[in-house]
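Visitor: sequence and computational prediction follow.
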Amino acid sequence: MDGYAAPRDAAKESAMLCRVLSADLSASDLAELAADLDAESKPRLLDVENVERVLMAKLSARAPLAEKLKYLRECSRTCEEVRRDARYPQPVMQQLPKVHQMIGNYGALSMTCAELFGHDTPAPEQASACLQSMHERRELTIFLLDAMASAMEEPEQLAAIFGPFLDQACARLKGRNLVDQKLEEFRLIADVSATKGPLAKLLVTLPAFRPSAAPAAPNPLLGMMAGASGSMPQPGMGWRLQSDSLLGWILSPTCIDSALYKEQSARAVHFARLGSRSRASVESVQRLLRDTVQEVLRQGSSVIAPLLRAGEATRNAVVAWFAALVTGSQARTKSANLMDQGQGPQGFMSMLQSSPMPFDMQLQMQIMKAQTSGYATSGLCVNSFWAILELVKPIKLAQVSTLEPFYLLREGAHDREVIGGFLEEPRFGDTEEVEKAREVAAKHLAEASKFPTQIFWLALRAFHVLLVPVMKENLCMVVAASYFHGKNMQTMETAMGEHLVHEAILGSSSFLGDLGAFLNLAMAFFLCAALPDKAADILGGKVQGSVLTDEVSPQWLVLPSCILEDIIEVLEILISIHSGKGQPELFLHLDATLLLFLITFILGSGHHVKNPNLRGKAATIMKGLTAQSNFRHLVENSPVLANDIVPGCIRVFTAVEKTKQSFYDIRMQLKYQLRIPIMELFERVLPLEAHQKALKSFATENPDEFLKFLNNLMNDATMQLEEGMDTLIEIRRLSREGKEVELSRPAPSSVAEDEQTTEGADLYARSRADPKAHCKQYMQMGHRTISTLWSISREAPMVVTSKLNVLQQLLHNCLNSCLDRLVGPRCLELKAPQKGQANDFEEYSFKPKELLQMIAEMYIFVARADREKVQKMITEDGRSYQPKTFQKAVSILRREQMIAADLLKEFSDFVQELNALAESQEAALANVTVPDEFLDPIMSDIMVDPVLLPTSNTIMDRKVIERHIMSNDDDPFNRKPLAVKDLVPQTELREQIVQFCKANGIVLGEGD
């Protein structure tokens, strides 16, 4: 009936127990039990209640511990067989767990209290040795081990007996690699972990799980690293955890660490003589390696996952091991320990070219450096990071709001171990701001931290320390393989082989899927920290308005800035590696909306992200994403992106003006390189109506920022084209004079001694671009910048003409100057070579016709917005304006049919009116003396809008002083700080000037 246990079949229960215990009531060893049953008039049948009497009798007859355990092992094994067979009725089978636990209890008693059976109790080390011996003969089962361990009530006894046994079992995994994974030895550790019982909990307390730091052995390389200071750097624990700990042994098998495994490495075995291998065979080997490493990771998960669920202490021990590995490998992030020495792929190339040391030996040096500095090798780092990604996987995007942004402020010992080196990393806020944030965070830190927060922050640290340096290594290998192809086959094959083994893991879909899921969490986490009031909308995909804000939240201030830099760098590396091969697979796993929102936030939030290099790189990535259909659709249709991308581009364009220049790059200005993708992105979105609206709104609401942007843009255009054209003239001169040798980089031996490294290499080799390359690069940049100006002038001419100083900058310093250079008196310097000579325009990317077309059309665009103001402004340019120059431009445009007929007529009419105005102005000014107080003190032109500079009590024309402030933010007469808002209009003086000009027939331009 319901509610009552079904009756047990006594005969079948007895049969089962006799089988399990190898018991026969008619045998002599159970005669006493049989006699008692007879005396009680009970049938000679065994039941659960008298199992202990059977065990007592059996064990009492076996004096040696090994014999006792062998008997119990057979009982345990038979229990498992009976459980699997399930031949007995269910009520009988339900007794089996009780029986097995009694077997375990008596096994524990056999080792700790053998007096119960009339024998001497063995010493703990003897019991441990017995277990070890039986295990080696495969005479122990995990079921018996777990049952015996569970029966031990004293932790000290458990540790004394099972500790040495497990320690030796762990040590047998040492030397595990991709070929010999020591699966038999591994199985015991996996089985122990799967029990989640006392043995699993004991496992994480053993020296083999978390070895203590060993005193560093004397090493001459460490002495060299110490340098003149004489103090030895303290090695990290990463290498020790890799080579002397359980999880290190489990996760070590890899195809990446070629220099560690040498002739047995995956590269040496599978990728030697690459020149004779087909692509199909290479990809087949990569799949094999990928599957093998993934199997290693699955094995690792079979140990790690159950240990995490075995209890809080065990879980903390596993997390602490990973945290210690990351902390112990922090030295990997230092420039001196990177493959490229912190100089990027091109610096790596220079080192390879100048170093007399073979490439393989340099890789060996990297392993020696890891050993002496104490950090883990690339292979273990990648495997460990992937293992951590698996732990992060259960965290869903909707749970991001539960992850603590203030976690770095926690003081608990375990939390501090997880946080590790992030305590020393720069934050988005300064020290004072972080301290203020601590006050806000106090209420959030009252409760203990949760596991998802711990593992997420651990993943952020691992991303920074374990993955990013390896990604940089992989990029270096790709660049080296490409460069040395056809030049040095040995170096090429080494580099390509290294890339192939790296890509076997870093390029696998499984790894990229896990990495993508983690990056989605990280991107959402950073956006929620920056915009806490919009966190629910961000996670729910319902963001409206803008992701740009000037208000910096406390949550944002405490975050380490390196992670944002790492995210951008990893995306940048993948794009570089897959250049010309389509979109990197990682982008398929990234949330497109989150990625575009984060990049847009980086572009436009200078109060949050103060690193101009990072913001410039973000623009490069954004520009690349717009080439992909899914990202392009969002850019074109998302109201948030339409509202924010143009302001972001403008702000980051201005921000990179302050980009730090590399000490080694003395010729090329980095800001120009960073601005190219910004301009390309600008041109891609500006034809869209929503983005045009954003441009006009930004110019109206943020006039000072917009003016600085246009000022920088026009300065760039002028400087780049001037540099390009001047260099082209110089190249032609050197060629005419037979000095072609000066058109290439100097040999290292010819470089001045103070510009050489200790090995004799050219310290500035990266920046000594030959004049030809220099010319081409500046021509391309100048063309790109003019093209961006053309786009703005076409789409939003009113924003240019609305401010006199901007219009003056465009006309005087940019368009007039360029037009004069292209078709003015100096144009003969740039004339194409004589007939029969090679035309070098294409070689140096010089496109004078396209430039002339864009310049002419820009005059038309701005004239449509305010014809009178534009023409008046041009005539005031005494340096570059010449009526003949403009008329010549019309003739060339007509002759070459470079612009549409309607535009040509419009420009021709504009020039005719312009020259007529200039002639009348010249006539008017020739017959009048202008009072000095009406003239700008710097430009000596009649002031249109006179203003007082309160810092020096000087009066200047507004357009002139505002142009100065856009670049310098000070008073030009005494260098005191000065802002546009400080300028005081001189209304009375202006009226006097207006009346004077009217009386003398002088056309005066309008003020702002």
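Guide: Looks like it came in fine. Residues are numbered from 1 along each chain as shown.
Visitor: what segments of this structure are strands?
Guide: 946-949, 954-957, 984-985 (DSSP state E).
Visitor: wait, Val51 touches Met16, no?
Guide: No - in this structure, Val51 is not within contact of Met16 by CB atoms under 8 Å, at 10.9 Å. The C-beta positions use only the backbone N, C-alpha and C, and glycine is treated the same way.
Visitor: give me the neighbour count for Gln992.
Guide: 15 (other CB atoms under 10 Å).
Visitor: what's the weakest-modelled helix or strand in the chain?
Guide: Lowest on mean pLDDT, DSSP states H and E among the helices and strands of the chain sits helix 220-226, with a mean of 47.
Visitor: what about the stretch 201-350 of the chain, any weak spots by pLDDT?
Guide: Residue ranges of the stretch 201-350 of the chain with pLDDT under 70: 214-233.
Visitor: go on, the stretch 901-1008 of the chain?
Guide: 1005-1008.
Visitor: residues in contact with the residue nearest to Ser378 when sequence neighbours are not counted?
Guide: Using CB to CB, 6 or more residues apart in numbering and skipping the chain neighbours, the partner closest in space to Ser378 is Val470 (4.7 Å). Contact analysis of Val470 by CB atoms under 8 Å, 6 or more residues apart in numbering lists Ile256, Ser378, Cys381, Val382, His502, Leu506.
Visitor: can we see that at 6 Å?
Guide: By CB atoms under 6 Å, 6 or more residues apart in numbering, Val470 lies in contact with Ser378, Cys381, Val382.
Visitor: for Ala717, same thing?
Guide: Thr785, Ile786, Cys814.
Visitor: state the distance from the last one to Asn712.
Guide: When CB to CB, to the nearest Å is the yardstick, Cys814 and Asn712 sit 12 Å from each other.
Visitor: who has more neighbours, those two?
Guide: Under the criterion of other CB under 10 Å, the comparison of Cys814 against Asn712 puts Cys814 first, with 25 against 21.
Visitor: quick check: that one touching Met714?
Guide: Yes - the pair formed by Cys814 and Met714 meets the contact definition of CB atoms under 6 Å, at 4.4 Å.
Visitor: burial of Glu125, as a residue count?
Guide: 11.
Visitor: same check on Asp533?
Guide: Asp533 sits with 10 neighbouring residues when counted by other CB under 10 Å.
Visitor: low-confidence stretches in the stretch 401-550 of the chain?
Guide: In the stretch 401-550 of the chain, no residues with pLDDT under 70.
Visitor: can you show me the helices along it?
Guide: For the stretch 401-550 of the chain, applying DSSP state H, counting those that start in this stretch gives helices covering 413-419, 431-441, 451-462, 468-484, 489-506, 509-530, 535-540.
Visitor: still on that earlier bit, any chance of TSV for the strands of the chain, columns distance to Leu183?
Guide: Shown next, in TSV, are the strands of the chain (distance: least, CB to CB, whole Å):
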stretch	distance to Leu183
strand 946-949	82
strand 954-957	83
strand 984-985	84
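Visitor: dump these to TSV, plus mean neighbour count and distance to Glu404.
Guide: Shown next, in TSV, are the strands of the chain (neighbours: other CB atoms under 10 Å; distance: least, CB to CB, whole Å):
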stretch	mean neighbour count	distance to Glu404
strand 946-949	22	51
strand 954-957	22	54
strand 984-985	12	51
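Visitor: which of the ones you listed sits closest to Leu69?
Guide: The minimum distance between Leu69 and the strands of the chain falls on strand 946-949, with 97.1 Å, by CB to CB.
Visitor: what helices or strands is the closest one leaning on?
Guide: Applying 3 or more CB pairs under 6 Å, 6 or more residues apart in numbering; DSSP states H and E, one finds that strand 946-949 makes contact with no other helix or strand.
Visitor: may I see the domains of this structure written out as residue ranges?
Guide: 10-171, 236-404+449-507, 712-745+766-927, 933-999 (automatic domain parsing).
Visitor: deepest of those domains, which one?
Guide: domain 236-404+449-507 (a mean of 20; mean count of other CB atoms under 10 Å).
Visitor: rounded mean pLDDT for stretch 167-179, please.
Guide: The average pLDDT within stretch 167-179 is 94.
Visitor: what's that stretch in contact with?
Guide: Contacts for stretch 167-179 (CB under 6 Å, 6+ apart): Gln132, Lys182, Glu185, Leu188, Leu206, Ala208, Leu246, Trp249, Pro253, Thr292.
Visitor: list the contacts of the last one.
Guide: What that stands for is Thr292. Here Thr292 is in contact with Leu178 (CB under 6 Å, 6+ apart).
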